[in-house]
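**Q** okay, here's the prediction I keep looking at, along with the sequence it came from:
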Amino acid sequence: MADPKPIGAPDVIGRQSLADALDALFLSAHSQRLQFARDLVGLILTLTNAESVVAFKPGSPMEVLAEAGTPRDLDGDRKAARKSEDRASVLHAAPTRLAASLEDQAGRTLLISVAMMPGNQIAVSLAHERLEMIRTICRLRGQSAHLSLPQGLFNAIAEVASGDWSKAQELADLIARATGEPAIMLGQLQGGCVREVHISGQAVVADRASARISAVEEMERAVRMPGANRCALVVGSAATQAVITTQERPLPEPIAQALTEVFNAHSRHGAYKPRLRKAAKVIGCIMAVMALGLVPVSDGVNLPASLVAQNHRTVTAPFDGRVAEIAVKDGQSVRAGETVLLRMDTTEIEADIALAVADLSAAITRRDAARGTRDAAALREAEIETTQATLRHDALKAQLGRADVLAPIDGIVQAEALEQRASSYVSLGTTVLEIVDPDTLEVEIMVSPRARGRLNAGAIGRFQPDAIPTTKIGFDLSTISVAPVSARKDVNFAARSKPLHGLDTSRLRPGMEGVARFEHDDLPLAVLIWRRIRDWALLTLWI
């Protein structure tokens, strides 16, 4: 009959648990030491994903019993295995080499050396955990003849110890059958509090609810006061524990030993997982921060700014009176000397002109009569009166000519609530509207002292009005004042852009405030933050 396939083959591992695989080794008909060693190293190679596994026979010199994988440093394997001979746990002999002392099916010692792939400490830690479990299981299985463990009990212990609490009820039933106890209570605890309780032999428990409450109290007391209940066995780590309680007598020593050894072995090396997860999170955060620090960010500066017009005219009332008509609208384009902006009411002026004409005619008549009488004094008085009447008439005629106000420059009308001005009484010099030349719009920027050193004439910027945040207007910086503007509350330097040509000025108005941004070279975020911290330290701490 052909030899069976080594138990360490991947297809066997895929169908069996670790305890089942080791059971197959110990119960195999091919129980010779050499065959056992070959199958064991194959199993370890598969479970740990190692580069090589070598089994040695203790003695001098150490004889190689079996090997799997590709051993590259047999002397190093032999030295590591020799160091593990007297140790009760797995030896971390080198960054990528583990060693352990195992027992075969006859209770004899095998020295195992496991060489891992370099550069993966997480894989080494997982291999350390699995090798420790194999060491514990092999020792207990090698002593199974003395421990008298029922078939299947050891596998159930190993599965629950590895975290599979779906097998907890089966384990409680197996312990009950092995010990003859009417009820075995198996509980899972975390932080001293019971999470799950499984009771075997529940058919003989009259009041299950009461039994569960009692079991929870006994288990939690066994954790708080070790040794207070001789029928309670606490196994596992302080973070995750299992408690097994009986009703009449303590668990037999072989079963208690098996429970303690397997649970404690898993608890010791199960601690690698949280540490590895924590280390992975820390490394991930560090990597994320480093990646974020390499993201290129524009080293720009934002400054308060507003729109101003170099060429603009204020249109005022030409004389005291009532506004008869506003002939334009806000935003309307006008032509200099052609477009009528507003008309004043001329009713009173025309009446005054009619009176002035009558007065002038009467004065001329009196002057002519005085010339006929050759009265020099009367003639002089009549001429003065005629001159005054003429001046008053001419002044009224001139006022009448100013009633229609024409646009002083080409541009756009800028005013609010123009329609409310119609039919209203205004005084001489009252502002009615404003004409702005859109071709002379400029951006006025208030440059802070910190940004002053980074800006020069010719810098390219963008202006974004607060009223129209979707609009971004490009401009070239024309001038920056040498001295700061002291009249303002904050000390800033005034800067002006070149005229903004070729823009849609229908929505732009002088006086609009916003933000002017000047872009500089892109820098990694980490460099940008470092510069900010450095500048703050230099200015604040005088470093």
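**A** Here it is on my side, so go on. Residues are numbered from 1 along each chain as shown.
**Q** in its sheet, what does the host helix or strand of residue 113 sit against?
**A** Taking DSSP states H and E as the criterion, residue 113 maps to strand 109-115. Strand 109-115 pairs in its sheet with strand 52-57 (antiparallel), strand 97-103 (antiparallel), by DSSP bridges.
**Q** give me the contact list for the shortest one.
**A** Meaning strand 52-57. 37, 40-42, 44-45, 62-72, 74, 77-78, 81, 110-115 (CB atoms under 8 Å, 6 or more residues apart in numbering). Every residue, glycine included, has its C-beta placed from N, CA and C.
**Q** can you flag which of these belong to helices?
**A** Judged by DSSP state H, the contacts of strand 52-57 include 37, 40, 41, 42, 44, 45, 74, 77, 78, 81 as members of helices.
**Q** nearest to residue 226, of the residues you listed?
**A** residue 44 (35.5 Å; CB to CB).
**Q** and the closest residue to the closest one other than its chain neighbours, what pLDDT?
**A** Nearest residue to residue 44 in three dimensions, chain neighbours excluded: residue 53, at 4.8 Å (CB to CB, 6 or more residues apart in numbering). Listed pLDDT for residue 53 reads 94.
**Q** is residue 53 bridged to anything, and to what?
**A** Those that pair with residue 53 in a beta bridge, by DSSP bridges, are residue 68, residue 114.
**Q** quick one on the thing from earlier: next structured bit after the strand holding residue 113?
**A** helix 121-142.
**Q** which helices and strands does that following helix pack with?
**A** Under the contact definition 3 or more CB pairs under 8 Å, 6 or more residues apart in numbering; DSSP states H and E, helix 121-142 sits against helix 18-27, helix 33-48, strand 97-103, strand 109-115, helix 153-161, helix 253-270, helix 272-293.
**Q** could you dump the last one to PDB, C-alpha only?
**A** Listed next in PDB are the C-alpha coordinates belonging to helix 272-293 (Å, rounded to 0.1, in the frame of the first residue of the first chain):
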ATOM      1  CA  TYR A 272       0.300  39.500  19.300                       C
ATOM      2  CA  LYS A 273      -2.900  40.200  17.300                       C
ATOM      3  CA  PRO A 274      -4.000  43.300  19.100                       C
ATOM      4  CA  ARG A 275      -0.400  44.600  19.200                       C
ATOM      5  CA  LEU A 276      -0.100  43.900  15.500                       C
ATOM      6  CA  ARG A 277      -3.400  45.600  14.800                       C
ATOM      7  CA  LYS A 278      -2.400  48.600  16.900                       C
ATOM      8  CA  ALA A 279       1.000  48.700  15.200                       C
ATOM      9  CA  ALA A 280      -0.600  48.500  11.800                       C
ATOM     10  CA  LYS A 281      -2.900  51.400  12.700                       C
ATOM     11  CA  VAL A 282       0.000  53.500  13.900                       C
ATOM     12  CA  ILE A 283       2.000  52.700  10.800                       C
ATOM     13  CA  GLY A 284      -1.000  53.500   8.600                       C
ATOM     14  CA  CYS A 285      -1.600  56.800  10.300                       C
ATOM     15  CA  ILE A 286       2.100  57.700   9.900                       C
ATOM     16  CA  MET A 287       2.000  56.700   6.300                       C
ATOM     17  CA  ALA A 288      -1.200  58.800   5.700                       C
ATOM     18  CA  VAL A 289       0.400  61.800   7.400                       C
ATOM     19  CA  MET A 290       3.500  61.400   5.300                       C
ATOM     20  CA  ALA A 291       1.500  61.000   2.100                       C
ATOM     21  CA  LEU A 292      -0.500  64.100   3.100                       C
ATOM     22  CA  GLY A 293       2.700  66.000   3.700                       C
END
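**Q** direction included, what does the helix or strand just after it pair against?
**A** Moving toward the C-terminus from helix 272-293, the next helix or strand (DSSP H and E) is strand 296-298. The strands that strand 296-298 pairs with in its sheet are strand 522-524 (antiparallel) (by DSSP bridges).
**Q** ok, and what's touching the strand it pairs with?
**A** With CB under 8 Å, 6+ apart, strand 522-524 has contacts from 293, 294, 295, 296, 297, 298, 299, 531.
**Q** mind listing what's buried in the helix or strand that it is followed by?
**A** Next helix or strand after strand 522-524 toward the C-terminus (DSSP H and E): helix 525-540. Residues residue 528 are the ones in helix 525-540 that count as buried (16 or more other CB atoms under 10 Å).
**Q** and helix 525-540, how far from the chain's centre?
**A** Its chain's average C-alpha position is 22 Å from that of helix 525-540, according to CA atoms, centre = their mean, to the nearest Å.
**Q** and it, what other elements does it pack with?
**A** Using 3+ CB pairs under 8 Å, 6+ apart: helix 525-540 touches helix 272-293, strand 296-298.
**Q** hey, what's the angle from it to helix 272-293? Just curious.
**A** 70 degrees (axes from the mean of the first three to the mean of the last three CA atoms, to 10 degrees).
**Q** contacting residues around helix 525-540?
**A** So helix 525-540 is in contact with 292, 293, 294, 295, 296, 297, 299, 523, 543, going by CB under 8 Å, 6+ apart.
**Q** which one among the residues you listed gets closest to residue 359?
**A** residue 299 (78.5 Å).
**Q** got a list of what that closest one touches?
**A** 520, 521, 522, 523, 528.
**Q** so for it, what's the pLDDT?
**A** pLDDT, residue 299: 74.
**Q** ramachandran angles for it?
**A** phi -90, psi 70 (degrees, to the nearest 10).
**Q** please shift the residue numbers so they start at 731 in all later answers.
**A** Sounds good: first residue 731 from here, last item residue 1029.
**Q** what sits closest to residue 817 if chain neighbours are left out?
**A** residue 831 (6.4 Å).
**Q** the one you found: neighbouring residues, count only.
**A** Neighbours of residue 831 under the rule other CB atoms under 10 Å: 22.
**Q** what of the one 5 residues further on?
**A** The tally of other residues near residue 836 (other CB under 10 Å) stands at 12.
**Q** for it, give its distance to residue 786.
**A** Residue 836 sits 16 Å away from residue 786, taking CB to CB, to the nearest Å as the criterion.
**Q** same check on residue 1214?
**A** Residue 1214 is 85 Å from residue 786, by CB to CB.
**Q** endpoints of stretch 786-806, how far apart?
**A** Terminal residues of stretch 786-806 are spaced 12 Å apart (CA to CA, to the nearest Å).
**Q** residue 1208 contacts residue 1224, correct?
**A** No: contact between residue 1208 and residue 1224 fails when scored by CB atoms under 8 Å: they sit 11.4 Å apart.
**Q** residue 1089: neighbouring residues, count only.
**A** With other CB under 10 Å as criterion, residue 1089 counts 17.
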